[in-house]
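In: Give me coordinates for this.
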Amino acid sequence: MNLIIVESPVKANTISKFLGKEYKVESSYGHIRDLPKSKLGIDIEKNFEPQYVIPVKAKKTVNQLKKEAEKAEAVILATDEDREGEAIAWHLTQSLGLNGLKTQNSKLKTIQRIVFHEITKSAIEEALKNPRGVDMNLVASQQARRVLDRLVGYKLSPFLWAKIMRRLSAGRVQSVALRLIVEREEEIRNFKPEEYWSIEALLQSRGMTRKSTRNDAENQFTALLYKINNEVIPKLGIKTKDEADKIVDELKKCEYKISKIEKKEVKRNPLPPFMTSTLQQEASKRLRYSAKQTMRLAQNLYESGLITYHRTDSLNLSKESIRQAAGWIEKNLGKEYAIQAPRFFKTQSRLAQEAHEAIRPTNVNLITEKLKTENFQEKNLYDLIWRRFIASQLPQAIFDSTRVEIKAENSKLKTHYSLLTTGNILRFDGFLKIWPIIFEETELPLLEENEELKLIKVNPLQHFTEPAPRYNEASLIKTLEKYGIGRPSTYAPIISVIQERNYVYKNEQRRFQPTEIGELVNKILVEHFPKIVDIQFTAQMEEELDEIAQGREKWQKVIGDFYQPFAENLEKKYQEVKRQKPIEEKTEEVCEKCGQPMVIRYGKFGKFLACSGFPECRNTKTITMTMTNDKGENLKCPKCQEGEIVKRRTKKGRFFYGCSRYPDCDYASWTKP
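Out: Sure, this is the predicted structure:
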């Protein structure tokens, strides 16, 4: 009997279906060894040697796997093919004592490592034919990340306890994400909108050079003023209403003639298949799934054998998958949707290494409607992956584009104006047949060069500049990826952690805003530990971890180069930085237990009301914020008709709406009234 060990029971069950009785597939149920939670677990004096332990919850699994390994002829480690999976395989060899383990006839037991990027019969059989050893470079890279994050978290968090308040924590990559969110919030607060104007004209084709069957309304179209005296108007070129009104008055006196018509064919290419970051972004936009939710669903789809490995920054596609896609397209969509040559995509990431392929369905003929799962969220995500992959092998979408320039002149005026209008008509949908996107078709009347036009009206339009929007999950992941912060497997944990720590929360538009405590933590880190939250430095550390994975750097050296200056600065800051306790805000509310004023304090879960007589009186209350409607009037509780609707937050940071008379009235709703 040969023993195959994987991480999850679902994966074990899927693989078992493809193998004969000579194989037994068991699950380790994830990590079976890790650094201890109760202490640092790293011997700094011994070249940062990690002190791994087997968690209590994993001991039963380890003992069971040891018994199975002793009975097996060979032990095959089939954990995921990324760095974390490689590290799990190595931890299994150490925890189970596989090195040096002997068979019943006293021969050394065969220990093999196999990898695959899809759980299909052919992929498993191919992997079994080509075993290898554990890649210690990948293990070293993962170990370096774990040690690095532990050193930052366990050394810096006590500093925050001492200087702000207990129960705070700091993380290496998460702190950079927090900084991005806080700095965007500061930009929004400091933003001063600027007024500007645009001018739009409604014109009508006179139909002088041809017979037209169209009525007047059909011959009308809008054009935008874009040049004054042949100079393109910048965005803020028309700053005031007076300037706009002057131009409008002059435009009303002008004669209009088409000076130039350009017609061309515009082709739009399909997007590449998904990698981890783009899957998380698109699932957030189209399905409103969080990154954490997307990865959990993708994990289920992968372990069930429905999609390829979901932690990847590669855009590669196998020849077999492209051949399958081409066959499905021709059979189901017709020959006009078949492309002459397969389309390949170049991976953007210079250091792509997490997997060998993009995320795609393992069987293109398995359309969403045929999935056996009853989980509609899994179906939605599978459909997204399936459509994106098929669309990547479909023809370009073709549009007929028309660009019309119009002169507006009056011999009595010194100024002459140019207006612009464009038409856009879809001629062939191509990949849009499978991957619909929002686009606007604009049909113009039949126009000719030198044709004179009739002015119907001129509209001045007022605008104000707006600040950059707050980050949502999609845009935050895109920014982290752009700067090289984190890797495919880390985006979801980064976003989850900063929310769980109550450093940021999602507002009603599902965009991130920092909490007061999040802003204070960021302020301390930026002022006193600038390298920890420096974008370039964090990206550089990721590159060094990649160098370790490729065998070009020793992990202990990378950690040592970081730790020595970090530890020296930390020791100095303990002496220099004064305690920055969050400011207590006075309120008019009185403590019902002792009669002293209540104040607003900060805790792990944000603001709360506390008695100013602490520690003698420990009375606390949940803080509430009044919600108002569009007219600014207070909303009455629909249940008791006495209290007001207030916005509250659960301990996990989720908002709900309740009555201000709680606990006398228990009205509560997740939906904003």
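In: so how many other residues sit close to A338?
Out: 15 (other Cβ atoms under 10 Å). C-beta: built from backbone N, CA, C; applies to glycine.
In: can you tell me the helix or strand for the nearest residue to it once chain neighbours are set aside?
Out: Excluding the flanking residues, the one nearest A338 by Cβ to Cβ, 6 or more residues apart in numbering is E330, at 4.9 Å. Element membership of E330 [criterion: DSSP states H and E] is helix 319-332.
In: That helix: what's the following helix or strand?
Out: Downstream of helix 319-332, the first helix or strand assigned by DSSP H and E is helix 376-392.
In: Buried residues in that following helix, which are they?
Out: 377-392 (16 or more other Cβ atoms under 10 Å).
In: Also stretch 278-298?
Out: 278-284, 287, 289-295, 297-298.
In: Filter these down to just the ones in helices.
Out: 278-282, 291-295, 297-298 (DSSP state H).
In: Go through these and say which is closest to H463.
Out: Of all those, Q281 has the smallest distance to H463: 28.4 Å, by Cβ to Cβ.
In: ok, now which ones touch the closest one?
Out: Going by Cβ atoms under 8 Å, 6 or more residues apart in numbering, Q281 touches 473-475, 477-478.
In: Present those residues as JSON lines; the columns should include secondary structure, distance to T368 and neighbour count.
Out: Output for the contacts of Q281, formatted as JSON lines (DSSP: H, G, I helix; E, B strand; the rest coil; distance: Cβ to Cβ, whole Å; neighbours: other Cβ atoms under 10 Å):
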{"residue": "E473", "secondary structure": "helix", "distance to T368": "23", "neighbour count": "26"}
{"residue": "A474", "secondary structure": "helix", "distance to T368": "22", "neighbour count": "19"}
{"residue": "S475", "secondary structure": "helix", "distance to T368": "27", "neighbour count": "19"}
{"residue": "I477", "secondary structure": "helix", "distance to T368": "25", "neighbour count": "25"}
{"residue": "K478", "secondary structure": "helix", "distance to T368": "26", "neighbour count": "17"}
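In: Poorly predicted segments of the chain, please.
Out: The chain contains residues with pLDDT under 70 at 100-108, 207-215, 348-355, 581-584, 603-606, 623-631, 633-634, 650-654, 671-673.
In: Nearest the middle, which residue of it would you pick?
Out: In the chain, the C-alpha nearest the mean C-alpha coordinate belongs to I477, at 3.4 Å (Cα atoms, centre = their mean).
In: A291 is in contact with that one, correct?
Out: Yes. Using Cβ atoms under 8 Å, I477 makes contact with A291 at a distance of 6.4 Å.
In: Mind listing the shared neighbours of those two?
Out: Common contacts of I477 and A291 (Cβ under 8 Å, 6+ apart): 280, 284, 491, 495.
In: Most widely separated two among those?
Out: S284 and Y491 (10.9 Å).
In: what residues are shared contacts of these two?
Out: In contact with both S284 and Y491: 291, 477, using Cβ under 8 Å, 6+ apart.
In: tell me which element E588 is part of?
Out: Applying DSSP H and E, one finds E588 within strand 585-590.
In: Now do the SS call for P395.
Out: coil (DSSP: H, G, I helix; E, B strand; the rest coil).
In: Phi, psi for it please.
Out: phi -70, psi 170 (degrees, to the nearest 10).
In: same deal with M598?
Out: Taking degrees, to the nearest 10 as the convention, M598 sits at phi -90, psi 150.
In: how near is it to C254?
Out: 68 Å (Cβ to Cβ, to the nearest Å).
In: beta partners of the closest residue to P9 other than its chain neighbours?
Out: Distances taken as Cβ to Cβ, 6+ apart put S27 closest to P9, at 4.5 Å, once the chain neighbours are dropped. Note on S27: beta-bridge partners V6, judged by DSSP bridges.
In: give the contact list for T622.
Out: 608-609, 648.
In: List the beta-bridge partners for it.
Out: Here T622 sits in beta bridges with F608, going by DSSP bridges.
In: Looks like K241 contacts Q462 (just checking).
Out: Yes. At 7.1 Å, K241 counts as touching Q462 under the criterion of Cβ under 8 Å.
In: Give me the common contacts of the two.
Out: Contact with both K241 and Q462 is made by residues W197, according to Cβ under 8 Å, 6+ apart.
In: pull the longest helix from this structure.
Out: Longest helix in the chain, counting by DSSP H: helix 136-163.
In: I'd say P597 and A610 touch.
Out: No. Under the criterion of Cβ under 8 Å, P597 is not in contact with A610, lying 10.4 Å apart.
In: So between these two, which is more surrounded?
Out: Between P597 and A610, counted using other Cβ under 10 Å, the more crowded position is A610 (21 against 13).
In: which residues touch the more buried one?
Out: Contact analysis of A610 by Cβ under 8 Å, 6+ apart lists 598-601, 619-621.
In: How is the protein partitioned into domains?
Out: With domains defined by automatic domain parsing, the chain comprises 2-134, 168-190+469-566, 195-269+401-464, 276-392, 585-669.
In: how about a markdown table for those, with distance to S157 added?
Out: Converted to a markdown table, those look like this (distance: least, Cβ to Cβ, whole Å):
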| stretch | distance to S157 |
| --- | --- |
| domain 2-134 | 11 |
| domain 168-190+469-566 | 4 |
| domain 195-269+401-464 | 43 |
| domain 276-392 | 22 |
| domain 585-669 | 12 |
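In: wait, which of these is closest to A140?
Out: Nearest of these to A140, taken as Cβ to Cβ: domain 168-190+469-566 at 4.4 Å.
In: Leaving out chain neighbours, which residue sits closest to the residue lying farthest from the centre of the chain?
Out: Most distant residue from the mean C-alpha position of the chain: K412, 57.6 Å away (Cα atoms, centre = their mean). Distances taken as Cβ to Cβ, 6+ apart put K253 closest to K412, at 7.5 Å, once the chain neighbours are dropped.
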